[in-house]
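Enquirer: prediction below, plus the sequence it came from.
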Amino acid sequence: MSPTTLPAPPEQGHVTFLGAGPGDPGLLTLRAVEALANADVLVAEHDVLDVVRTHARQGVAEVHTDADTSASSTPGTGTGTPQLTVVDGASTTAGVPANRDAAHLVMEAARGGKRVVRAVSGDPGLDAYAAEEMLACASAGVPFEVVPGVATAVGVPAYAGVPLRDAQGTDVRFVDARTASDRCWTEVGASDGTVVVSTTLDSVAAAAGELVSAGRKPDTPLTVTVAGTTTRQRTWTATLGTIAQTLKQAKVLPSPEGGRPVIAVVGERSAAAQRDRLAWFESKPLFGWKVLVPRTKEQAASLSDQLRSYGAVPHEVPTIAVEPPRTPQQMERAVKGLVTGRYEWIAFTSVNAVKAVREKFEEYGLDARAFAGIKVAAVGEQTAKALIAFGVKPDLVPSGEQSAAGLLEDWPPYDPVFDPIDRVFLPRADIATETLVAGLIELGWEVDDVTAYRTVRASPPPAETREAIKGGGFDAVLFTSSSTVRNLVGIAGKPHNVTVIACIGPATAKTAEEHGLRVDVMAPEPSVHKLAEALADFGARRRLAALEAGDPVTRPSERRPGARRRRSTT
């Protein structure tokens, strides 16, 4: 008699309760990034999803849960209507009942054998009431783990330049003003330690009144920070008795959504008086600047990261699109010649050229080994990095200027004794200049100048972006070539006169001036990263000048409406 085959037990899922921090994606822990990369389902509110989705794998299911903010709702349970979408895929709501809260959705996915990440703002144990969902997992036998995050009440003061403790070990109390009882206010009012109050911008004055009623002196210093750890962060310094007037004078408007979350730090020793020297985040040279980066998404990535490090908010708008050559036969012959030994050198003058050759290699089933025996040149560091990613280490990168002229400075002349072949393969754009070709010919080389790709003007950006460009919504724009100037003006219009114009070099600056733009910043050398550095230096000098004059530090887009500046005649 054959043994009875029992059905395999259903695969057990797993839940990770993950703290996403107070808003800055850079505050995610390494463990959080690892958990996100392995998740099948991601459950979070919209603002939290914006922080964590970058680290989620393609195809992860995102469950949006907009929690009901009414007084009757349980904090952290996400009782709003969920919306299920798939990253980079078609949106769907199939199988997601509208009456299910976040806890039910988490359990449903886990019982189906899914790896679920339940992401919450701040820390799961301090900023969100996640215990009920954890207990549900425990009761159902679903394994779970907790990945702590930077708590909002701790991270926001740190970004505002307000240490919570001093050398004497100040007592620190944390209060959520939205749920605090009279007893809680009485206890913190009787203490002389630091109080960190989580509240809303609309209720700051009321919270200050509660502390004064409980015994705190009206002249007790406090700081109020809104949108902490993000580039929208703003901090006000006042006292318990003056905070209402301070916010009124600053023309801070109530939030139409019922109140933006803020952190108020109260206390004699909370270092509020030292904030001018400790406010490292809001004093970044380009803090809050909205910077237009008119490049392709691939080209703009590292530049945007650099701008973010200066506190800017980069906005990428492609001005050119890269397309294959109209007649591919020339490129096909050149690649075959590369394999059969026709060339001594191949010179790459852009990342796009590397991409074009790589794609043609893959089309023929070739890889980096086809470069064996051929010398490889790259016009600059970014092109060299693209080659290394392909598996090719360039033999020649300019030691000086990263341009065709810089490449020619280091290029060896043809020597019939040492160079068995006198030919160079030069895959380039259809609009490339003749500088490199002419220089190589002068050095004795034969050049196959091949169109590897075409550059065409990109489609216009959305109407909202076009209006921001023309209406002064951007604080700065970075032009990295003459074509980016011509194309941006062509597809979106001329940037407003209050927008800071930064150019990568003299030729680009000349084109900008020909289009009626005043050039404020020029890179000391033709490098996109030096251009970003130059803009940061400009922002730092502008900030310092405002402080020395006793003026408020503003962004260029915040200048007085109608204020115009004269176009430079130098």
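Expert: Arrived safely.
Enquirer: what's next to the strand or helix carrying Val265, contact-wise?
Expert: Here Val265 sits within strand 261-266, counting by DSSP states H and E. Contact with strand 261-266 is made by 152-153, 156-157, 160, 162, 164, 194-201, 204, 207-208, 211, 216, 220-226, 228, 240, 243, 272, as judged by Cβ atoms under 8 Å, 6 or more residues apart in numbering. C-beta: built from backbone N, CA, C; applies to glycine.
Enquirer: keep only those of the residues you listed that are in strands.
Expert: In this view, those that belong to strands under DSSP state E are 194-200, 221-226.
Enquirer: possible to save those as TSV with distance to Val291?
Expert: Below are those laid out as TSV (distance: Cβ to Cβ, whole Å):
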residue	distance to Val291
Thr194	36
Val195	37
Val196	33
Val197	34
Ser198	32
Thr199	32
Thr200	30
Pro221	34
Leu222	33
Thr223	28
Val224	27
Thr225	23
Val226	22
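Enquirer: turn those into JSON lines, columns for pLDDT and distance to Arg183.
Expert: Listed next are the ones in strands among the contacts of strand 261-266 as JSON lines, based on pLDDT from 0 to 100; distance: Cβ to Cβ, whole Å:
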{"residue": "Thr194", "pLDDT": "90", "distance to Arg183": "20"}
{"residue": "Val195", "pLDDT": "92", "distance to Arg183": "15"}
{"residue": "Val196", "pLDDT": "93", "distance to Arg183": "18"}
{"residue": "Val197", "pLDDT": "94", "distance to Arg183": "16"}
{"residue": "Ser198", "pLDDT": "92", "distance to Arg183": "18"}
{"residue": "Thr199", "pLDDT": "91", "distance to Arg183": "18"}
{"residue": "Thr200", "pLDDT": "88", "distance to Arg183": "22"}
{"residue": "Pro221", "pLDDT": "91", "distance to Arg183": "25"}
{"residue": "Leu222", "pLDDT": "92", "distance to Arg183": "22"}
{"residue": "Thr223", "pLDDT": "93", "distance to Arg183": "26"}
{"residue": "Val224", "pLDDT": "94", "distance to Arg183": "24"}
{"residue": "Thr225", "pLDDT": "94", "distance to Arg183": "27"}
{"residue": "Val226", "pLDDT": "92", "distance to Arg183": "28"}
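Enquirer: I'd guessed Ala44 sits against Val52; true?
Expert: Yes: with contacts counted by Cβ atoms under 8 Å, Ala44 reaches Val52, the gap being 6.6 Å.
Enquirer: shared neighbours of these two, anything?
Expert: Ala20, Val117, Ala119.
Enquirer: mark which of those residues are part of strands, please.
Expert: Counting by DSSP E, the part of the shared contacts of Ala44 and Val52 found in strands is Val117, Ala119.
Enquirer: which residues touch stretch 238-256?
Expert: 200-202, 204-205, 208-209, 211-212, 216-224, 236-237, 264, 266.
Enquirer: what about that stretch, average pLDDT?
Expert: Averaging pLDDT along stretch 238-256 yields 83.
Enquirer: that stretch: which residues count as buried?
Expert: Ala238, Thr239, Leu240, Gly241, Thr242, Ile243, Thr246, Leu247, Val252 (16 or more other Cβ atoms under 10 Å).
Enquirer: how about stretch 136-143?
Expert: Ala136, Cys137, Val142.
Enquirer: closest one of the shared contacts of Ala44 and Val52 to Glu409?
Expert: Ala20 (49.4 Å; Cβ to Cβ).
Enquirer: so which helix or strand takes in the spatially closest residue to Asp367 that is not a sequence neighbour?
Expert: Nearest residue to Asp367 in three dimensions, chain neighbours excluded: Phe361, at 6.5 Å (Cβ to Cβ, 6 or more residues apart in numbering). According to DSSP H and E, Phe361 maps onto helix 351-363.
Enquirer: and that helix, how far from the chain's centre?
Expert: 28 Å (Cα atoms, centre = their mean, to the nearest Å).
Enquirer: same check, this time on stretch 338-352
Expert: 35 Å.
Enquirer: what about it, start to end distance?
Expert: Using Cα to Cα, to the nearest Å, the end-to-end distance of stretch 338-352 comes to 18 Å.
Enquirer: OK, contacts around Ala32?
Expert: Leu18, Gly19, Ala20, Val52, His55, Val147, Gly149.
Enquirer: got a list of what Phe144 touches?
Expert: By Cβ under 8 Å, 6+ apart, the residues touching Phe144 are His14, Val15, Thr16, Phe17, Met134, Cys137, Ala138.
Enquirer: distance of the last one relative to Phe17?
Expert: As for Ala138, its distance to Phe17 is 12 Å (criterion: Cβ to Cβ, to the nearest Å).
Enquirer: the fifth one now?
Expert: Counting by Cβ to Cβ, the separation of Met134 from Phe17 is 6 Å.
Enquirer: more neighbours: which of the two?
Expert: Taking neighbours as other Cβ atoms under 10 Å, Met134 and Phe17 compare with Phe17 leading, 27 against 20.
Enquirer: the more buried one belongs to a strand?
Expert: Yes: assessed by DSSP: H, G, I helix; E, B strand; the rest coil, Phe17 belongs to a strand.
Enquirer: and it, what does it touch?
Expert: Arg118, Val120, Pro124, Ala130, Glu133, Met134, Phe144, Glu145, Val146, Val147.
Enquirer: among the residues you listed, name the ones in helices.
Expert: Glu133, Met134 (DSSP state H).
Enquirer: filter the contacts of Phe17 to the buried ones?
Expert: Buried among the contacts of Phe17 (16+ other Cβ under 10 Å): Arg118, Val120, Pro124, Ala130, Glu133, Met134, Phe144, Val146, Val147.
Enquirer: which one of those residues is nearest Gln402?
Expert: Of those, the one sitting nearest to Gln402 (Cβ to Cβ) turns out to be Val147, at 42.0 Å.
Enquirer: in contact with the closest residue to that closest one other than its chain neighbours, which residues?
Expert: Leaving aside its chain neighbours, Val147 sits nearest to Leu18 (4.5 Å; criterion: Cβ to Cβ, 6+ apart). For Leu18, the contact set (Cβ under 8 Å, 6+ apart) comprises Ala32, Ala35, Leu36, Val52, Val117, Arg118, Ala119, Val120, Pro124, Val147, Gly149.
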